[in-house]
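Undergrad: sequence and predicted model, in that order:
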Amino acid sequence: MTEAPALDDIRRLLRCMLRIRRFEERVAARYPEQQMRTPVHLCIGQEAVAAGVCLALGQEDVVCSTHRSHGHYLAKGGSMPALAAELYGRSTGCASGRGGSMHVIDVAAGVAGTSAIVGGGIPLAVGMALAFALRREPRVAVAFLGDGAADEGVFFESLGLASLRRLPVLFVIENNGFATASPLANRRRCPELHRLAEPHGIPGEGLDGNDALAVLDAARRAVDRARRGEGPTVLEAVTCRWKGHVGPQPDTARPAAELAAWMARCPIAQLCQRLPEGTSGELAAMEQAVAEEIDDAFAVALASPYPDPATLLDEVW
Ligand SMILES: Cc1ncc(C[n+]2csc(CCOP(=O)(O)OP(=O)(O)O)c2C)c(N)n1
């Protein structure tokens, strides 16, 4: 008989996914005001991947993310007011208002950085894992990547080095089936991306990316392996983004019926069903707390100044 999931895990995953979902819904609602002068790639629909993986990590572990970064940043514990301020280009932003949505960072929380270069974060995570191994620190690095990034040569080079040196790194492929408007079936004969790990001698696992508990379970096993010095793992979480590739409008690249079927499998609604009966009040309280946190984050961001033009070249490398 399989063990029942811990109620504490369910609560933490739910809270994490709600923070991501409601934060991004607020971004989508306010984006047309044209005060956020940054492209936004929203991860609504994909929250279970960030929540499940990051709950398996400790504060000391690090994540590298992509252009679709908000979920990973918030799930790893990045500051919400600093994220909101970054989207508004304010000096209190997590990248001092210079990076925008695709370049967020919170070193104290273990958000090592995000990159707009598709695949750009993968070798950075491997490099950090190499540093952890050389220093004999029991820390783990995670590279979040999309299915499009798994088409890049740097992915295979990174798998090769991580395997050879048995590095403590997780490659988490968020397979939402599209790279911009290009479906996976037009790009690859074999759609099972976790099998790309096989030739490198790396374990690969395919997952329902809308099942936060399944993601958490697989991530915990992979993190344990990494900490034991047994090397990298590839996790492929199959999921769906509900919004377009970029911007707040609904996705139009995917056939409408397919999108509707995915939305009926909402990761948050599915996990709510795992709460014991009689906990609807708890959920309402969680929603209320999250709404207040987002109100505060946006208020702080909007009250913050823009960077002083005299500092334009500060922090630029
Ligand atoms: C090296 C590089 N090539 C192309 C682009 C343009 N581009 C931006 S996002 C994107 C699609 C990425 O798809 P995927 O990795 O699946 O991530 P998703 O957007 O689905 O989260 C592309 C091709 C880029 N930013 N960098």
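TA: Thanks, I have it.
Undergrad: got a list of what the residue nearest the centre of the chain touches?
TA: Nearest to the geometric centre of the chain sits residue 72, at 3.0 Å (CA atoms, centre = their mean). By CB atoms under 8 Å, 6 or more residues apart in numbering, residue 72 lies in contact with 50, 54, 63, 65, 111, 114, 144. In this view, the C-beta of every residue, glycine as well, is placed from N, C-alpha and C.
Undergrad: which residue, other than its chain neighbours, is closest to the second one?
TA: Distance criterion CB to CB, 6 or more residues apart in numbering; nearest residue to residue 54, sequence neighbours excluded, is residue 75 at 3.7 Å.
Undergrad: so what sits opposite the closest residue to the ligand within the stretch 101-250 of the chain in the bridge?
TA: Going by CB to the nearest ligand atom, the ligand is nearest to residue 146 of the stretch 101-250 of the chain, at 2.3 Å. In this entry, residue 146 is beta-bridged to residue 174, by DSSP bridges.
Undergrad: list the buried residues in the helix or strand where residue 294 lies.
TA: Element membership for residue 294 (DSSP states H and E) is helix 280-302. In terms of neighbour count (16 or more other CB atoms under 10 Å), helix 280-302 has its buried residues at 283, 286, 290, 294, 297, 298, 300, 301.
Undergrad: likewise for stretch 85-92?
TA: Residues of stretch 85-92 classed as buried by neighbour count (16+ other CB under 10 Å): 85, 86, 87, 88, 89, 90, 92.
Undergrad: quick one: average confidence on the helix holding residue 294?
TA: Mean per-residue pLDDT for helix 280-302: 95.
Undergrad: for that helix, packing partners?
TA: Applying 3 or more CB pairs under 8 Å, 6 or more residues apart in numbering; DSSP states H and E, one finds that helix 280-302 contacts helix 7-30, helix 80-87.
Undergrad: most tightly surrounded among those?
TA: Highest mean neighbour count of the helices and strands packed on helix 280-302: helix 80-87, a mean of 25 (counted as mean count of other CB atoms under 10 Å).
Undergrad: mind giving me the packing neighbours of that helix?
TA: Applying 3+ CB pairs under 8 Å, 6+ apart, one finds that helix 80-87 contacts helix 7-30, helix 70-75, helix 280-302.
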